[in-house]
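Participant: I would like the atomic coordinates for the input below:
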Amino acid sequence: MTPAAITSLHQHLLVALNPPPAEARRLFHGRGKHWPGLEQITVDWLQGILLVTLFREPPDYALTALQDMLSSLPYRLLLQQRYLPDCPTQWLAGEPVEQWQIHENGLTYLLDLGSRQNCGLFLDMRHGRQWVKQNVAGKSVLNLFAYTCGFSVAAIAGGARQVVNLDMSSAALGRGRENHRLNQHALSSVSFLGHDLFKSWGKLARLGPYELIIIDPPSFQ
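Facilitator: Sure, this is the predicted structure:
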């Protein structure tokens, strides 16, 4: 991460935030390897909060320069260092908050800030959720590796007949229920299975067949 790369990031953010987007979105995706020297960084806009995530340890001078540049922006600022054990986060600017509601494609989601490795919604999948919302009317949907059910919320909003969410984390599925409730969705059409997909397919088969299957697994799976 060179000074020139940090300057390039600064210029990109100034353009992306002029004016600030009305809804949450990923502003910068260095992991796409389009920006030399910035492959280890992403920046998410959380409607008043900038979440900056580092996936590889930069030299001390570069980290200091990055923090100085980010602190010049007039927003609450949260930095996560994913390369360290437990992926610690720190507030660089603004009053800390533990939970934060955002909007995406007209839908509401609740995020956890500063306490978990992932905040609760992967904003690089915004266009995927939008596609689901626009193409799922009347369909039965299976949402594998559902996490906090972002795709499920989009599917029900788009008129899906039913959605089955599967994830090993019951806590993540609990947040998924909450996300549906935030959008005034009736849960009679939504199922939540805290289940290891690789141990048994029986539960999924009994709830099928499905007309759309969403598969967005974590890297280790």
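Participant: Residue 36 and residue 143, how far apart?
Facilitator: As judged by CB to CB, to the nearest Å, residue 36 and residue 143 stand 36 Å apart. For glycine as for every other residue, the C-beta is placed from the backbone atoms N, C-alpha and C.
Participant: Thought residue 134 was touching residue 159, still the case?
Facilitator: No: contact status for residue 159 versus residue 134: not in contact, 10.0 Å apart, counting by CB atoms under 8 Å.
Participant: ok so, going back, who's more crowded, residue 36 and residue 143?
Facilitator: Using other CB atoms under 10 Å as the criterion, residue 36 and residue 143 rank with residue 143 on top: 31 against 11.
Participant: Pull up the distance across stretch 18-34, start to finish.
Facilitator: The straight-line separation of the ends of stretch 18-34 (CA to CA, to the nearest Å) is 22 Å.
Participant: for that stretch, the distance to its chain's centre please.
Facilitator: For stretch 18-34, the separation from the chain centroid amounts to 12 Å (computed by CA atoms, centre = their mean, to the nearest Å).
Participant: buried stuff in it?
Facilitator: Residues 23-30 are the ones in stretch 18-34 that count as buried (16 or more other CB atoms under 10 Å).
Participant: Rebuild the residues you listed as JSON lines, extending it with secondary structure and distance to residue 129.
Facilitator: JSON lines is the format used below for the buried residues of stretch 18-34 (DSSP: H, G, I helix; E, B strand; the rest coil; distance: CB to CB, whole Å):
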{"residue": "23", "secondary structure": "coil", "distance to residue 129": "12"}
{"residue": "24", "secondary structure": "coil", "distance to residue 129": "11"}
{"residue": "25", "secondary structure": "strand", "distance to residue 129": "11"}
{"residue": "26", "secondary structure": "strand", "distance to residue 129": "12"}
{"residue": "27", "secondary structure": "strand", "distance to residue 129": "17"}
{"residue": "28", "secondary structure": "strand", "distance to residue 129": "19"}
{"residue": "29", "secondary structure": "strand", "distance to residue 129": "16"}
{"residue": "30", "secondary structure": "helix", "distance to residue 129": "22"}
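Participant: quick one: low-confidence ranges for this structure?
Facilitator: By pLDDT under 70, the low-scoring segments of the chain are 220-221.
Participant: Could you rerun that using 80?
Facilitator: 114-117, 200, 218-221 (pLDDT under 80).
Participant: List the contacts of the residue nearest to residue 96 when sequence neighbours are not counted.
Facilitator: Using CB to CB, 6 or more residues apart in numbering and skipping residues adjacent in sequence, the residue nearest residue 96 is residue 114, 6.5 Å away. Listed by CB atoms under 8 Å, 6 or more residues apart in numbering, the contact partners of residue 114 are 78, 89-91, 96, 98.
Participant: most surrounded residue in these?
Facilitator: residue 78 (25 neighbours).
Participant: all helices of the protein, in order?
Facilitator: 3-16, 60-71, 126-135, 150-157, 170-182, 202-207 (DSSP state H).
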